[in-house]
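Chemist: What would the 3D arrangement of this be:
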Amino acid sequence: MERKQIRRRLARRRLSSVTLPALALLASAGLALSACTSGATSNGGSSGTTGAAPSAPGASTAGGTISIFVIGGKSDDPFWSKVKRGVDDAAKVVQANGGKVTWLGPQNYDNLGPDAAKLILTAKSQGATAVIGADWVPDAQDEAFKSVSDSGVPVFLYNSGGADAAKTVGALTYTGSDELLAGKVGGQFFAQKGVKNVLCVNTLPGAVNTEARCEGISQGISVSGKSTQLPLPSSSFGNPTAITQAIKATLLKDSSIDGIVTISTQDADSASAAIEQADAASRVKLGTFDMDDTQLERIKAGTQLFCIDQQPYMQGYLAVSQAFAYNAYGLLLPQSPLLTGPAVINAGNVDQALAGAKAGVR
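Modeler: Numbering: from 1, shown residues only. Okay, the predicted model is just below:
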C-alpha cells in the first residue's frame, strides 16, 4: 500500500490521567474568564462572536485583533468533539479579551490531506494571526503550513506530527502524544502485571504512527517479556469480523500469548470478542491505545487491563492557550513537544476517567 493511502487510512481511524483544568498557562498571563462570555468558537468560515478589541490584551503582535484558526477533524467525530471541547473552553479567555477563535474541519475524511491543506490556506487568507493544525498527511499539508509560517503567521502543530514535523514546517511547537513513548509506557504496564508475551495487533501495517506504537510496546516489555506484531492486511481495515477471526486464530495457535494490545478502540472491541471466542479470558490481558466508553466499562468490569489516553481535550485547550499567549504577550513555553499523554487508564483511576467521559472531555 502506498504511504499516502496508509496515512489517509490511519487518519480516518484516529479521526475516529486525570483531566486537569490546565488554567495555569493562562493564569500566568494574568487573565480571568468573563462571566458574560459564551465561549463558543465560530465554525467553518463564519465570523463567530467577537468582543470589542481592547487596547492591550486583545492586540496581536502585529497590532490587530487576535484571530486564531484551528484546523481539526469533523466536529461530530467522537474523538474530535473532545478536542473541540478543549478549544471552546480556551476560546472563552480569547473572546473575553477581544479576540476570536475559528474552527475549520473537513466535511469527511475521504481526501483528508489535500482538504486539510486547503483549510490551512483558508485560515491564512482570512487573516489568521495564528494557525493551529494537525499534520496528518505531511506530503499534502507541509507546503501549506510552510506558506503560513513563511508569511510570519505563527503555526502551532497539535495531535499529529511531533516535534520533528514542527521544525520541518516552521511551527513554534507541538502539543500532543508521542506514539513511541506511549507504546513504551503500555509495554511497561504489561510487564508490571506479569504479562510475558504480548501480541500487538496492527491493522495499518507500515503506517508511521501504528508501527511506532507496536515498537514502543516491544521496547517497554523487553526487560521481562516480549512482543510480536500481528500485521493484518488492509482488507481487514474496518472489518470487525475479519479482525476478530484473525486474532482468535492466533490465540488458538500460540497458547503462550498472555497479552493483546490494539492500535485503536475499534480493534480492541474485536480483540475482546476474539479472546472470549478462544476461551482465553483467564490467561490473556487486553490493552489498547485511545479510549472510549466501552473500554472504560470493560476496565471497570475487570475484563480489560488498560487503555492509553492521549487526552484530546488537553490538546485543544493547550494549543489555543499557547497561541493566544504568544499572540497577546509573546509568551512561549520552552517545552516542545508539550505532551498530553500517555495517560494509562486502569482499574485504579477508571472512575475518574468515567467522570470525565460523562462531562464530554474524555
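
Chemist: isn't residue 259 right up against residue 197?
Modeler: Yes: between residue 259 and residue 197 there is a contact under CB atoms under 8 Å: 6.7 Å. Where C-beta positions appear, they are placed from N, C-alpha and C, glycine not excepted.

Chemist: Show me the common contact partners of the two, please.
Modeler: Common neighbours of residue 259 and residue 197, counting by CB atoms under 8 Å, 6 or more residues apart in numbering, are residue 227.

Chemist: The two: which has the busier surroundings?
Modeler: Taking other CB atoms under 10 Å, residue 259 and residue 197 do not tie; residue 259 has more neighbours (27 against 17).

Chemist: wait, what's in contact with the more buried one?
Modeler: Contacts of residue 259 by CB under 8 Å, 6+ apart are 190, 195, 196, 197, 198, 199, 227, 284, 285, 286, 287, 305.

Chemist: now for the helix or strand encompassing residue 148, which elements pack on it?
Modeler: Assigned by DSSP states H and E, residue 148 belongs to helix 138-150. Helices and strands touching helix 138-150, by 3 or more CB pairs under 8 Å, 6 or more residues apart in numbering; DSSP states H and E, are helix 3-14, helix 112-125, strand 130-133, strand 155-158, helix 162-169.

Chemist: Pull out the buried residues from the second one.
Modeler: Read it as helix 112-125. By neighbour count on 16 or more other CB atoms under 10 Å, the buried set for helix 112-125 is 112, 113, 115, 116, 117, 118, 119, 120, 121, 122, 123, 124.

Chemist: hey, C-alpha coordinates of that helix in CSV?
Modeler: Output in CSV follows, covering the C-alpha atoms of helix 112-125 (Å, rounded to 0.1, in the frame of the first residue of the first chain):
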residue,chain,number,x,y,z
LEU,A,112,-8.0,14.3,4.2
GLY,A,113,-4.5,15.6,3.3
PRO,A,114,-5.5,17.9,0.4
ASP,A,115,-8.6,19.1,2.2
ALA,A,116,-6.7,19.9,5.3
ALA,A,117,-4.1,21.9,3.2
LYS,A,118,-7.0,23.9,1.7
LEU,A,119,-8.3,24.7,5.2
ILE,A,120,-4.8,25.9,6.3
LEU,A,121,-4.6,28.2,3.3
THR,A,122,-8.2,29.4,4.0
ALA,A,123,-7.1,30.4,7.5
LYS,A,124,-4.2,32.3,6.1
SER,A,125,-6.4,34.1,3.6
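
Chemist: so it versus helix 138-150, what angle?
Modeler: 10 degrees (axes from the mean of the first three to the mean of the last three CA atoms, to 10 degrees).

Chemist: So the nearest residue to residue 106 once chain neighbours are set aside versus residue 140, what's the distance?
Modeler: Nearest non-adjacent residue to residue 106, counting by CB to CB, 6 or more residues apart in numbering: residue 115, 4.4 Å away. To residue 140, residue 115 is 9 Å away according to CB to CB, to the nearest Å.

Chemist: Residue 295 too?
Modeler: Look at residue 295 and residue 140: by CB to CB, they are 31 Å apart.

Chemist: The two: which has the busier surroundings?
Modeler: residue 295 (26 against 20).

Chemist: For the more buried one, which non-adjacent residue is spatially closest?
Modeler: residue 307 (4.5 Å).

Chemist: For the stretch 1-150 of the chain, give me the ranges with low pLDDT.
Modeler: Applying pLDDT under 70 to the stretch 1-150 of the chain flags residues 1-63.

Chemist: domains of the chain?
Modeler: 18-177+311-340, 179-309 (automatic domain parsing).

Chemist: distance between the last one and the chain's centre?
Modeler: Taking CA atoms, centre = their mean, to the nearest Å, one finds domain 179-309 lying 19 Å from the centre of the chain it belongs to.

Chemist: Also the longest one?
Modeler: The chain centroid and the centroid of domain 18-177+311-340 are separated by 14 Å, computed with CA atoms, centre = their mean.

Chemist: Centroid-nearest residue for the protein?
Modeler: Geometric centre of the chain, nearest residue: residue 159, 4.3 Å, by CA atoms, centre = their mean.
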